[in-house]
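Novice: Coordinates only, no sequence provided:
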């Protein structure tokens, strides 16, 4: 089983984000990039499948600051092959990432492609369905469990309201992982450092990084306070009278 896992690096929302002088992009001077939370679950799910069914797990990520640590950590968890795509990915939208990833993935001829179901910097749709379109493979998202057999993937898909559906997907396919069957495993820093000495990151160039298809950003700004809430006090009758007056003023009544 040849399993490919695609990883995005996203801004760390714990840190304060700043907007650069252009007013249409984040200031990347001191911005900390971390692995997308759902992609971390995709790595865990891929390794679980390898442990149960055998095979090879390859983790692919774009060349951004901190990507080496992400890839070596994946190796410490059980990934067999690490690939870093070289190119100017700062500010790249998901359409561009999907095209860059698909060129690499086609060469690897995967049986299964896993990616996080979404990310905090998705402005033009999730990566998974865009990638599946480029690869001409079926896609199912919001997955919380995967099992393999007979050339198919049985997936547990979550729906609103706590509903769970099980469906069979013919392989090869792309799955958007919402939650692995167990929380992403912890690896000690010492093991990651060991991987830095024993594992190798293969570098491949992104061919024709095309930003077409993404949104055009006209302005970025911090949330601005328009007006504050008005607290209505008094007896229930007085509050009701005031509410009716407000609704009439707004044209609701």
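Specialist: Perfect, thanks for sending it. Here the structure is a predicted model, which is why all the values come from computation and not from measurement.
Novice: In stretch 114-134, which residues are buried?
Specialist: 114-119, 122, 125-132, 134 (16 or more other CB atoms under 10 Å). (Each C-beta comes from the backbone N, C-alpha and C, glycine too.)
Novice: how far is the longest helix along the chain from where the chain is centred?
Specialist: Longest helix in the chain by number of residues, with DSSP state H as the criterion: helix 37-53. Mean C-alpha position of helix 37-53 versus that of the full chain (CA atoms, centre = their mean, to the nearest Å) differs by 14 Å.
Novice: if you average pLDDT over that helix, what comes out?
Specialist: Confidence for helix 37-53, expressed as mean pLDDT, is 97.
Novice: Which neighbouring elements make contact with it?
Specialist: In this structure, helix 37-53 packs against strand 2-6, strand 56-62, helix 67-77, strand 112-116, strand 139-149, strand 173-177, with contacts taken as 3 or more CB pairs under 8 Å, 6 or more residues apart in numbering; DSSP states H and E.
Novice: Out of these, which is closest to residue 97?
Specialist: strand 56-62 (6.6 Å; CB to CB).
Novice: Show the contacting residues for residue 247.
Specialist: For residue 247, the contacting residues are residue 253, by CB atoms under 8 Å, 6 or more residues apart in numbering.
Novice: returning to what we had before: any buried residues in the longest helix of the chain, and which?
Specialist: 38-50.
Novice: Give me the residues contacting that helix.
Specialist: The list of residues contacting helix 37-53 from outside it, by CB under 8 Å, 6+ apart, reads 1, 3, 5-8, 55-57, 59, 74, 77-80, 112, 114-119, 143, 146-148, 176-185.
Novice: Test my guess that residue 56 contacts residue 2.
Specialist: Yes: taking contacts as CB atoms under 8 Å, residue 56 lies within contact range of residue 2: 5.7 Å.
Novice: How many residues are close by residue 108?
Specialist: Neighbours of residue 108 under the rule other CB atoms under 10 Å: 15.
Novice: ok, for it, nearest residue in space, not its chain neighbours?
Specialist: Closest residue in space to residue 108, ignoring its immediate chain neighbours: residue 4 at 5.7 Å, by CB to CB, 6 or more residues apart in numbering.
Novice: Number of residues surrounding the one you found?
Specialist: Residue 4: 25 neighbours (other CB under 10 Å).
Novice: measure it to residue 155 for me?
Specialist: Residue 4 sits 16 Å away from residue 155, going by CB to CB, to the nearest Å.
Novice: which one is residue 176 nearest to, not counting chain neighbours?
Specialist: Nearest residue to residue 176 in three dimensions, chain neighbours excluded: residue 141, at 3.4 Å (CB to CB, 6+ apart).
Novice: whoops, I mixed them up, residue 187
Specialist: residue 76 is the one closest to residue 187 (CB to CB, 6+ apart), at 4.2 Å.
Novice: Contacts for stretch 169-181, please.
Specialist: 38, 41-42, 44-45, 48, 110-118, 126, 128-129, 131-132, 135, 137-146, 148, 151-155, 158.
Novice: where does residue 34 land in three-state SS?
Specialist: Look at residue 34: counting by DSSP: H, G, I helix; E, B strand; the rest coil, its state is strand.
Novice: Contacts only, for it.
Specialist: If a contact means CB under 8 Å, 6+ apart, then residue 34 has 9-12, 66, 70 as its contacts.
Novice: Give me the nearest residue to residue 202, chain neighbours excluded.
Specialist: In space, residue 202 is closest to residue 83, 4.9 Å off (CB to CB, 6+ apart).
Novice: For the one you found, give me the pLDDT.
Specialist: Value listed for residue 83 in the pLDDT field: 98.
Novice: what's around it, how many residues?
Specialist: Residue 83 has 19 neighbouring residues, counting by other CB under 10 Å.
Novice: next one: residue 90
Specialist: 14.
Novice: what about it, distance to residue 176?
Specialist: In terms of CB to CB, residue 90 sits 24 Å off from residue 176.
Novice: Could you do residue 59 as well?
Specialist: 16 Å.
Novice: okay, those two: which has more neighbours?
Specialist: In this view residue 59 and residue 176 are compared by other CB under 10 Å, and residue 59 has more residues nearby, 28 against 25.
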